[in-house]
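Colleague: got a sequence here, can you build the structure:
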Amino acid sequence: MKDELDLIRNIGFVAHIDAGKTTATERVLFHSGKVYRIGEVDEGTTVTDWMSQEKERGITITSAATYCEWNGCQINIIDTPGHIDFTVEVERALKILDGAVVIFCGVGGVEPQSETVWRQADKYKIARIAFVNKLDRVGVDFYKVVQEIEEKLAANPVITQLPIYENDEFVGMIDLIKMKAVYYKDESGSTLIYKKISEDMNTRSLEYRDKLIEKLAELDDEFMHKFIEGKKITEEEIILKIRKYVLSNKLIPVLCGSVLKNKGVQPLLDAVVNWLPSPRDLKVVRGITLDGKEFEEWDISYNAPFCGLCFKVFTDHFVGKLFYTRIYSGKVGTGDGIFNATKRVKEKISKIVRMHANKQEIIKEAKAGDIVCLVGLKDTSTGDTLCNSKPAIVLEEIHFPEPVVSLAIEPKTTQDQERLFTALKKIEDEDPSFKVVYNKETGQNIISGMGQLHLEIMVERLLREFNVKAKVGKPCVAYKETTTKQVEVTGKFIQQTGGKGQYGHVVIVMVPQEKTKGVSFENKLKGGVIPKEFIPAIKKGVFEAAEAGILGGYPVTDLKVTLVDGSSHEVDSSELSFKIAVEIAFKEGLRKGKPVLLEPIMGLEAVTPENYLSQVIADLNSRRAKITSIAERKNIKIIRADVPLSEVFNYADILRNLTQGRASYTIEPLYYEKVPEEFMVRILGR
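Modeller: Numbering: from 1, shown residues only. Predicted coordinates for the structure are as follows:
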């Protein structure tokens, strides 16, 4: 007997930009009866693209949560952005989802952002089904896309549907499990018609049905015996076996359709219910005890202690802050006091709402498996674990990529100063990939993000949504600094002013560490030479000093700082004196540690007609690019390269001129790399 937890699906639609995620979400909501008219992305009328910037640009910027019902199951859906600048939205959505529908364009195939979201899903071990969309387009190649899923993503796809074409027009699908042809009564796609498979498709259908059975037999001994012995295999058995191996990430069922033309939506919903996991399938939620010493597992059930993860914060101008939370275990109600296990603070819930994009439905209680918004929390931020006060565990935190583009912004008038500060703080709370640093030397706020579009959207929000009047600089590369040599340095801050003085003395070791590790701090003091109450101030001093290096004032990264010695004065020592002392030591360590400048390296994919290939490659080589591969798809060439971001600012115009507007490209951040000496001199103006 199934209970409520078995009848919940928490899923996301993920894909490369313009593959059809939002259109798919809109059709799912319509055909499940959640909405009664179909919105269109191009018209800015979809449910999940509700922000003004999304409507104007026709792209998804922020992930939107909604829900519907299908075959007795509640499906909680998150529609995610496809543009690389908003990859943080995909990251935090996949962190809390149980399953995903990965949508591929039938023409474009496995595109760069498809690979990025696939790797993100791999990281969180998300169960997936694949949907090949836009089969009504010219140049579509369903079988080539499936081949790319296998080769580029190292996946194990199995085709469960075949497209049907009549006079080069996409009209329906063949269901290889039912062995029936699926057609649609009219353009709305509301009524499915099952027919016998036509003779011209019968041979291919039997071939791919056998491939489906063979793939399952390879994975399952019981199925293998039935297959070898020629016993009848039922639809129910195939569905259950596919589900088993989808849940263990050993199989990716591939469906097809054209969601814009309302073809393939209901079978996709059936697949979500049949094959993607319920919260019950996860069995346990795993976290670390508050003392950080051991792992603990709680059952995913209504009777277990309450545990949830806040994966997103959004500011609603009428309600205040909304804390998007996935409930993993237990229950929580309006008015309940809860415990933020990450920050070790108590919170109180004033209201619980279930979201339908930007519309709110007030509910009294949230239970295991739910995705809801909590209202009234004060100190909670993205990635925090929420529990009862006892027992409590801390779930694994969400890791976000480093920003790669920055610009300066300053208020036009003194009246705008406070408004700008408040608005920047709210946006920074909402978006962990958006960073704000105040430059003391120039008196400017430096905002950093994942790309030019990301910062453009944020500036638009500041000007429109928060009504801030500000002067905005041009986007520039977000360089970083690090050291290349281990050093031990001493920092002393001693001041006598007649009364109580200041005394701080620290010895630190600074060691370069591997890429993407950031700045870390470790205390290795022995014998209590510095009282433990001053250690937090020393740690804070390290991180504040790392905000600006000595080469160009860029943030410092990939450095481990270890406190190894020091001394204190029983009267004159204070938090301030130790904070200043470690800042002095840190700057000295940067000078002695052979500092270098780091620049963001981007993964670039250029798609160009073959006759422009040599021009594009020559241009990329002149931009310090490392060509990693050149592939072919029909009559076009696909060039992949690692290239410094500084070399491909405004690359769209350059590529357009090189190829008479016939080529396109996408880029995504990969890593930071040392800037060659001659370019470093040019950047720093020395």
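Colleague: give me the pLDDT value at Asp42.
Modeller: You'll see Asp42 listed with a pLDDT of 61.
Colleague: with adjacent residues omitted, what lies nearest to Leu377?
Modeller: Leaving aside its sequence neighbours, Leu377 sits nearest to Glu347 (Cβ to Cβ, 6 or more residues apart in numbering; 4.7 Å). C-betas here are computed from N, CA, C, even on glycine.
Colleague: same question, Tyr612
Modeller: Residue nearest to Tyr612 in three dimensions, not counting chain neighbours: Thr659, with 4.3 Å by Cβ to Cβ, 6+ apart.
Colleague: pretty sure that neighbour is in contact with Leu613, am I right?
Modeller: No. If you go by Cβ atoms under 8 Å, Thr659 and Leu613 don't touch, sitting 9.7 Å apart.
Colleague: that older thread, so what's the residue nearest to Leu377 up against?
Modeller: Going by Cβ atoms under 8 Å, 6 or more residues apart in numbering, Glu347 touches Gly337, Ile338, Phe339, Asn340, Gly376, Leu377, Lys378, Asp379, Thr380, Leu386.
Colleague: quick check: bridge partners of it?
Modeller: Beta-bridge partners for Glu347, by DSSP bridges, are Ile338.
Colleague: how about the one 4 residues further on?
Modeller: Beta-bridge pairing of Lys351, defined through DSSP bridges, involves Val375.
Colleague: measure how buried it is and give me the count.
Modeller: When neighbours are counted by other Cβ atoms under 10 Å, Lys351 registers 17.
Colleague: ok, the one 5 residues further on next?
Modeller: If you count neighbours by other Cβ under 10 Å, His356 ends up with 18.
Colleague: which residue packs closest to it, ignoring adjacent ones?
Modeller: Closest to His356 by Cβ to Cβ, 6+ apart is Thr66, at 5.0 Å.
Colleague: so how far is Ser32 from that neighbour?
Modeller: According to Cβ to Cβ, to the nearest Å, Thr66 stands 11 Å off from Ser32.
Colleague: show me the contact partners of stretch 272-282.
Modeller: In this structure, residues lying in contact with stretch 272-282 by Cβ under 8 Å, 6+ apart are 3, 5-11, 70-71, 73, 75, 98-101, 127, 129, 239, 242-243, 246-247, 253, 300, 328, 368-369.
Colleague: list buried residues within these.
Modeller: By neighbour count, with 16 or more other Cβ atoms under 10 Å, these hold 5, 7-11, 70, 73, 75, 98-101, 127, 129, 239, 242-243, 246-247, 253, 300, 328, 368-369 as buried.
Colleague: that older thread, now the contacts of Glu347 as a markdown table including neighbour count?
Modeller: Below are these laid out as a markdown table (neighbours: other Cβ atoms under 10 Å):
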| residue | neighbour count |
| --- | --- |
| Gly337 | 11 |
| Ile338 | 21 |
| Phe339 | 20 |
| Asn340 | 21 |
| Gly376 | 17 |
| Leu377 | 23 |
| Lys378 | 10 |
| Asp379 | 12 |
| Thr380 | 23 |
| Leu386 | 27 |
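Colleague: now render those residues as JSON lines, adding distance to Val404 and pLDDT.
Modeller: Listed next are these as JSON lines, based on distance: Cβ to Cβ, whole Å; pLDDT from 0 to 100:
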{"residue": "Gly337", "distance to Val404": "41", "pLDDT": "93"}
{"residue": "Ile338", "distance to Val404": "36", "pLDDT": "94"}
{"residue": "Phe339", "distance to Val404": "36", "pLDDT": "93"}
{"residue": "Asn340", "distance to Val404": "31", "pLDDT": "93"}
{"residue": "Gly376", "distance to Val404": "35", "pLDDT": "91"}
{"residue": "Leu377", "distance to Val404": "31", "pLDDT": "93"}
{"residue": "Lys378", "distance to Val404": "32", "pLDDT": "91"}
{"residue": "Asp379", "distance to Val404": "30", "pLDDT": "90"}
{"residue": "Thr380", "distance to Val404": "28", "pLDDT": "93"}
{"residue": "Leu386", "distance to Val404": "32", "pLDDT": "95"}
